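Chemist: Next comes the sequence, and after it the predicted model I'd like to discuss.
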Amino acid sequence: MQPIDTLINARWVIPVNKERDILENHSVAIADGKIVDILATNEAADKYTAKETISLQDQALIPGFVNTHGHAAMALFRGMADDLELMTWLNDHVWPAEGKWVSAEFVKDGTLFAAAEMIRSGTTTFSDNYFFAGEAAKSVIESGMRAQLCPPVLDFPTNWAQTPDEHIDLITEVMGEYKNHSHVRVVFGPHAPYTCSDEPLIRIKELADELNVPVQMHVHETQVEVDGQIEQRGNRPIRRLKELGLLNSKFQAVHMTALSDEDIDDIAEAGAHVLHCPESNLKLASGFCPVDKLQKRGINVALGTDGAASNNDLDMLGEMRTAAMLAKAVGQNAVALPAYEALAMATINGAKALGWDAEIGSLEVGKCADITAIALDDLESQPLYDPVSHIVYASTRDQVKHVWVNGKHLLDDRNLTTLDKNAIVENAKQWQAKIKG
Ligand SMILES: CSC[C@H]1O[C@@H](n2cnc3c(O)ncnc32)[C@H](O)[C@@H]1O
Ligand SMILES: [Zn+2]
């Protein structure tokens, strides 16, 4: 008998591996935060003595969701400015509000608030494109989640820094603090082609190469952006980034609508990743990312919610369903993005996009035990022919019952173990009262 920390028995284990397996009546054995075995439940009891055994009847274990793009602390602006197109939303509402309210305290509180929502909807790793990254990092660690932090660089002053160089210096400082951290990675997050001139982008490219870190950026969010950049700089945004040397296999391009065939060639040749945020794109009427076309060119497409101020939730189950539906509509092809591929987009593709796939993104021996359990026992999940179909097309986040990160139980039968839900709700209400004035 081999000693382990945790044995989870489940009706289904969906590893999201290359074989696209669905394993029935299987168990996941965990020791030192890692998956050490996945085996039939009737064999597990004879092989392992676990400090803790958890049996989940009619629940499915999947890899924790990887939310590849968002602005966590903006959860405190949820519902503040709805039903607007991107530039009106940013210029007339979001940027003025950020100028008034964003601070170290706002980011600490907002990131904890967002982390609580993400854990309760099955996300184990997220990417955060926001200011005061040092504060965000502390909240990530408190929550027990993993995060890629990509603090922004903009041409204009923000509450975090006055100049592009000051933004970059602050980013490299936080990067140094969290070098080799197991749960936090810090990368560059230049905001967008229309807010970043060549000079800071060239400096970011040089530093990213030197430090071997990714770059994440909003690119081709709308047709208006593309047309404006052609007029202002004589180039399409993706081509400009290629010419500046930024487009490579560590580049994470958020949104990617309004794409020409040449844009797709540029992304495919570079091996860059596309971070698709379907609900934010729909709500801001930004445009459509041609997911099916990109995947057929071998481009890795991952999934993100964007911030709760434009989505308006941080729910990867909902995002996955929307992505699967929208891919069919945009591709005019009902076969586009089938259920298992949508699940892969929300898990292993996200891990690949963040360069974290050696450790997370699938349930495989040797990987970290970042696991989400979804209940499929209630009326809404019957009859059940295929658990993956139900997870993608017929499940809601209240069905997320358990979440583990690195083997640590962060959500236990829908109760947060690292965060105080009532205190977080109270704190969010206080921010709302202040912001509303
Ligand atoms: C890059 S982080 C800081 C910056 O980005 C703004 N932002 C939030 N959501 C979006 C979006 O969908 N497109 C462009 N910019 C966005 C956020 O408010 C911050 O100012
Ligand atoms: Zn965004």
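Modeler: In hand now; what should we look at? Ligands and ions are numbered 1, 2, ... in the order given.
Chemist: ok, the residue of the stretch 151-300 of the chain found nearest ligand 1 - contacts?
Modeler: For the stretch 151-300 of the chain and ligand 1, the shortest gap (CB to the nearest ligand atom) falls at Pro152, measuring 3.5 Å. Every C-beta, even on glycine, is put in place using the N, C-alpha and C of the backbone. When contacts are counted by CB atoms under 8 Å, 6 or more residues apart in numbering, Pro152 touches 129-131, 158, 167, 189-191.
Chemist: Quickly list what it is bridged to.
Modeler: Counting by DSSP bridges, Pro152 is bridged to Gly189.
Chemist: Now, the contacts of Pro152 that are in helices?
Modeler: His167 (DSSP state H).
Chemist: Next, format the contacts of Pro152 as CSV and append distance to Glu199, pLDDT and neighbour count.
Modeler: Below are the contacts of Pro152 laid out as CSV (distance: CB to CB, whole Å; pLDDT from 0 to 100; neighbours: other CB atoms under 10 Å):
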residue, distance to Glu199, pLDDT, neighbour count
Asn129, 21, 98, 27
Tyr130, 23, 98, 26
Phe131, 21, 98, 23
Thr158, 17, 98, 18
His167, 12, 98, 26
Gly189, 17, 98, 29
Pro190, 11, 98, 31
His191, 15, 98, 17
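Chemist: Could you list which of the contacts of Pro152 also contact ligand 1?
Modeler: 129-130, 189, 191 (CB under 6 Å from any ligand atom).
Chemist: Tell me which of the residues you listed fall in strands.
Modeler: Gly189 (DSSP state E).
Chemist: Next one: the most centrally placed residue in the chain, what pLDDT does it get?
Modeler: Nearest residue to the geometric centre of the chain (CA atoms, centre = their mean): Asn67, 1.4 Å. Predicted confidence (pLDDT) for Asn67: 99.
Chemist: repeat for the one 5 residues further on
Modeler: Ala72 carries a pLDDT score of 98 in this model.
Chemist: Surely it and Gly110 touch.
Modeler: Yes: contact status for Ala72 versus Gly110: in contact at 6.3 Å, counting by CB atoms under 8 Å.
Chemist: Near ligand 1, which residues of the stretch 1-150 of the chain? Just list them.
Modeler: Residues of the stretch 1-150 of the chain lying near ligand 1 (CB under 6 Å from any ligand atom): 71, 86, 90, 94-95, 98, 129-130.
Chemist: again with the stretch 301-437 of the chain
Modeler: Counting by CB under 6 Å from any ligand atom, the residues of the stretch 301-437 of the chain that sit close to ligand 1 are 306-307, 310.
Chemist: Can you give me the buried ones in the one helix or strand Ala208 maps to?
Modeler: Taking DSSP states H and E as the definition, Ala208 sits inside helix 198-211. Applying a neighbour-count criterion of 16 or more other CB atoms under 10 Å, one finds 200-201, 203-205, 207-208 buried in helix 198-211.
Chemist: For the ones next to ligand 1 among the contacts of Pro152, work out which two are farthest apart.
Modeler: Tyr130 and His191 (10.6 Å; CB to CB).
Chemist: Pull out the buried residues from stretch 260-270.
Modeler: 263-264, 266-267, 270.
Chemist: Just the ones in helices from those residues, please.
Modeler: Using DSSP H, those in helices are 263-264, 266-267, 270.
Chemist: Adding distance to Arg120 and pLDDT, write these out as CSV.
Modeler: Shown next, in CSV, are those (distance: CB to CB, whole Å; pLDDT from 0 to 100):
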residue, distance to Arg120, pLDDT
Asp263, 37, 98
Ile264, 36, 98
Asp266, 38, 98
Ile267, 34, 98
Ala270, 36, 98
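Chemist: need the residues of the stretch 151-300 of the chain near ligand 1, please.
Modeler: Counting by CB under 6 Å from any ligand atom, the residues of the stretch 151-300 of the chain near ligand 1 are 152, 189, 191-192, 218, 221, 280.
Chemist: Might you report the residue contacts of Val215?
Modeler: So, once contact is read as CB under 8 Å, 6+ apart, Val215 ends up touching 150, 187-190, 204-205, 208, 246, 250-252.
Chemist: And for Tyr393?
Modeler: Tyr393 neighbours (CB under 8 Å, 6+ apart): 321, 324, 339.
Chemist: the longest strand in this structure is where?
Modeler: The chain, longest strand under DSSP E: strand 48-63.
Chemist: buried ones in it?
Modeler: 48, 50, 54, 56, 59-63.
Chemist: Stretch 81-93 too?
Modeler: Neighbour-count burial for stretch 81-93 [16+ other CB under 10 Å]: 81, 84, 86, 89-90, 93.
Chemist: Now render those residues as JSON lines, adding pLDDT.
Modeler: Formatted as JSON lines, the buried residues of stretch 81-93 follow (pLDDT from 0 to 100):
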{"residue": "Ala81", "pLDDT": "97"}
{"residue": "Leu84", "pLDDT": "98"}
{"residue": "Leu86", "pLDDT": "98"}
{"residue": "Trp89", "pLDDT": "98"}
{"residue": "Leu90", "pLDDT": "98"}
{"residue": "His93", "pLDDT": "97"}
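Chemist: low-confidence ranges in the stretch 151-300 of the chain?
Modeler: In the predicted model, the stretch 151-300 of the chain carries no residue with pLDDT under 70.
Chemist: which residues in it form helices?
Modeler: In the stretch 151-300 of the chain, helices defined by DSSP state H, counting those that start in this stretch lie at 164-177, 198-211, 223-233, 237-243, 261-270, 278-283, 291-296, listed in chain order.
Chemist: got a markdown table for these, with distance to Asn9 too?
Modeler: Listed next are the helices of the stretch 151-300 of the chain as a markdown table, based on distance: least, CB to CB, whole Å:
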| stretch | distance to Asn9 |
| --- | --- |
| helix 164-177 | 40 |
| helix 198-211 | 43 |
| helix 223-233 | 50 |
| helix 237-243 | 47 |
| helix 261-270 | 42 |
| helix 278-283 | 34 |
| helix 291-296 | 34 |
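Chemist: So which of those helices is nearest Val102?
Modeler: helix 164-177 (13.4 Å).
Chemist: How is the protein partitioned into domains?
Modeler: With domains defined by the TED database, the chain comprises 2-63+368-406, 65-354.
Chemist: what sits against Glu52?
Modeler: So Glu52 contacts 5-7 (CB under 8 Å, 6+ apart).
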